[in-house]
Structures are given as structure tokens and as C-alpha cells.
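Novice: Just need the structure, nothing else, for what follows:
(one chain, ligands or ions: 1)
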Amino acid sequence: MHSATHPYAGLFIVLEGGEGAGKTTQMGAIATWLEESGWLAKLRASDIDPPLLLTREPGGTPLGQGLRQLLLHSDLEIDPLAELLLYAADRAQHVATCIRPQLQRGGIVLCDRYTASTVAYQGYGRGLDLQIIEHINRIATGGLGADVVLWLDLPVGVGLARTQQRGIADRFEQTAVAFHERVRQGFMALAQQGSDRWQRIDAHQPLDQVSKAIQDCLAAHLHRWFETLKKRLTGGDRDLP
Ligand code: TYD
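Specialist: Predicted coordinates:
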């Protein structure tokens, strides 16, 4: 599933990981680094506006914010299949209205969670059929895959202890440790499929070292991508494969 990518000029970067892996902090750090290292200026100079879309799932659109509230912060009983379809609805809206248009413009998308979270949480965590999940992910995304998946990995106990320090736990943070161990196995299984788009980042180290590992990985991708982008821009075929 993660060998699929997209035909657009932009660059699609996804951060994945279990609870308390530090994705939100690292999203901010990546955005700052992209600005300070001049990447966003280069895109602005090529009239790509906005150069960067920072977003997340669930909740990257107004519809998604309503779904996020239902999924994470309501007292409703949610059947696992219904849960899967709600995440898919969030993703379909997100891809159609935010992710695809930004990639068509030639900009960068930096997204907190995407299809791998559904495989890990609804597939390995909840035990839903992996082929059904793959199929639904494909329907929701129209086959649009990430260019780079950074998997922030750390032991489950360490991540959950971090989330407990944050205060009120959402639906998933209240779920049993065994569930989160299965989620981690799910990410591990995806990483082991050996796609060169996947990068495991050791998130059990000081924040600045995690940031450095991410930057080293992204720098290589950005250089390669920007060369192709420049050729497309001068050829005037932004939207074409
Ligand atoms: P998360 O992104 O971790 O937000 P925060 O860090 O603010 O709690 O919360 C999203 C939760 O939704 C997380 O527990 C994982 C879960 N999730 C799924 O179960 N399936 C999915 O497809 C996605 C995108 C998220």
C-alpha cells in the first residue's frame, strides 16, 4: 500500500507513531527548520502559495474537526467498523479539499498521521481485516500515498507515561497497554515491508536529537524533490505526472 504515491508536483511528508511519540512537537520543529533553512523561501520564489501546509488526521478540515470530536472526545460507543469508516470519511475530505490541492500547487504537505495509523490502530489494534483496511484506505485517498513516512518509534510504556503527564486522556490514551503494543507491532510490520519511503526514527532520545535525525532524513528527500520540481516548473507541467 505504501509503495503507491502520487502524480503531483508537491512533496507529501507524513509523521506517524504511537501515543506520546512527540509528533506534534516535531511537526513544529520541522516547519521552523524548513523556514530557517530556506526551503520555504525557494518555494515562495517559485510562486507556490502556501509553500507549506501543516495538517493532521483526524481533524484537518472543518468536517474533520467534527469527526475528531466524535472519535476522540465523545462518550459515544463506537463500533470498530464504524470507527474505521469515520476515519476514512475524515481522510476522504482531507485529501479532496486540502492535501491534493496543495500537492497540485507544488507545495509541501506535512501531515500528522495518515493511512498507516489506520492499519496500526484499526487493523492491528482493533483486529479489523487488513485487506478491508487497505481497500478503504485506497478508496478514501484515491490511491494518493505519501512520499516520505517518518515513523517516530518509542517503547509503549514511555509514550503512555508522557501522555499521562499531559492531563485529560482521549479515547485511545485510555485504552489498555496491550492495544498500544499491537499498534506498535502494526507500524513495525509496515516499516518492515521495506519501502524506501519509510524511515524509522528513534523517538526515545532527547528532542533535539530526534529533530536532527528527522532533518537528516528530510534533507536528502528535499534536494532530490526540488530538482524535479524545478524541471516541472520550467516545463510548465505542475499537475502532470
Ligand atoms: P493524535 O493525532 O495522537 O492527537 P493527540 O496527539 O492530540 O492526541 O490523536 C489521534 C488519535 O486517533 C490517535 O490515538 C490515533 C487515532 N487514529 C486512529 O485510530 N486511526 C486513524 O486512522 C488515525 C488517523 C488516528
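Novice: From here on, just use CA atoms for contacts and neighbour counts.
Specialist: Noted.
Novice: and stretch 61-77, anywhere near the ligand?
Specialist: No: Stretch 61-77 stays clear of the ligand (CA under 6 Å from any ligand atom), getting no nearer than 6.7 Å.
Novice: starting at the chain centroid, how far to that stretch?
Specialist: Stretch 61-77 sits 18 Å away from the centroid of its parent chain (CA atoms, centre = their mean, to the nearest Å).
Novice: quick one: average pLDDT of that stretch?
Specialist: Average pLDDT, stretch 61-77: 95.
Novice: Output it as PDB - backbone C-alpha positions only.
Specialist: What follows is stretch 61-77, C-alpha atoms only, in PDB (Å, rounded to 0.1, in the frame of the first residue of the first chain):
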ATOM      1  CA  THR A  61     -10.800  20.100   7.700                       C
ATOM      2  CA  PRO A  62     -13.900  21.700   9.300                       C
ATOM      3  CA  LEU A  63     -15.800  18.400   8.800                       C
ATOM      4  CA  GLY A  64     -12.800  16.500  10.200                       C
ATOM      5  CA  GLN A  65     -12.800  18.600  13.300                       C
ATOM      6  CA  GLY A  66     -16.400  17.500  14.000                       C
ATOM      7  CA  LEU A  67     -15.400  13.900  13.300                       C
ATOM      8  CA  ARG A  68     -12.300  14.200  15.600                       C
ATOM      9  CA  GLN A  69     -14.500  15.400  18.400                       C
ATOM     10  CA  LEU A  70     -16.800  12.400  17.900                       C
ATOM     11  CA  LEU A  71     -13.900   9.900  17.600                       C
ATOM     12  CA  LEU A  72     -11.700  11.100  20.400                       C
ATOM     13  CA  HIS A  73     -13.700  13.100  22.900                       C
ATOM     14  CA  SER A  74     -17.300  11.900  23.000                       C
ATOM     15  CA  ASP A  75     -18.800   9.300  25.300                       C
ATOM     16  CA  LEU A  76     -20.500   7.500  22.400                       C
ATOM     17  CA  GLU A  77     -20.000   3.800  21.900                       C
END
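Novice: And the contacts of that stretch?
Specialist: 57-59, 78, 83, 86-87, 90-91, 93-94, 97-98, 170-172 (CA atoms under 8 Å, 6 or more residues apart in numbering).
Novice: Return the residues in contact with the residue of the chain found nearest the ligand.
Specialist: Residue nearest to the ligand within the chain (CA to the nearest ligand atom): T118, separated by 3.5 Å. For T118, the contacting residues are 84, 87, 133, 137, by CA under 8 Å, 6+ apart.
Novice: how about 10 Å then?
Specialist: Residues in contact with T118 (CA atoms under 10 Å, 6 or more residues apart in numbering) are 83-84, 87-88, 124-126, 128, 130, 133-134, 136-137, 183, 186.
Novice: go on, T234?
Specialist: S46.
Novice: can you pull the buried residues of the helix or strand harbouring it?
Specialist: Taking DSSP states H and E as the criterion, T234 maps to helix 207-235. Judged by neighbour count using 16 or more other CA atoms under 10 Å, the buried positions of helix 207-235 are 210-211, 214-215, 218, 221-222, 226, 229, 232.
Novice: Return the subset of the contacts of stretch 61-77 lying in helices.
Specialist: 83, 86-87, 90-91, 93-94 (DSSP state H).
Novice: No more questions from me, cheers.
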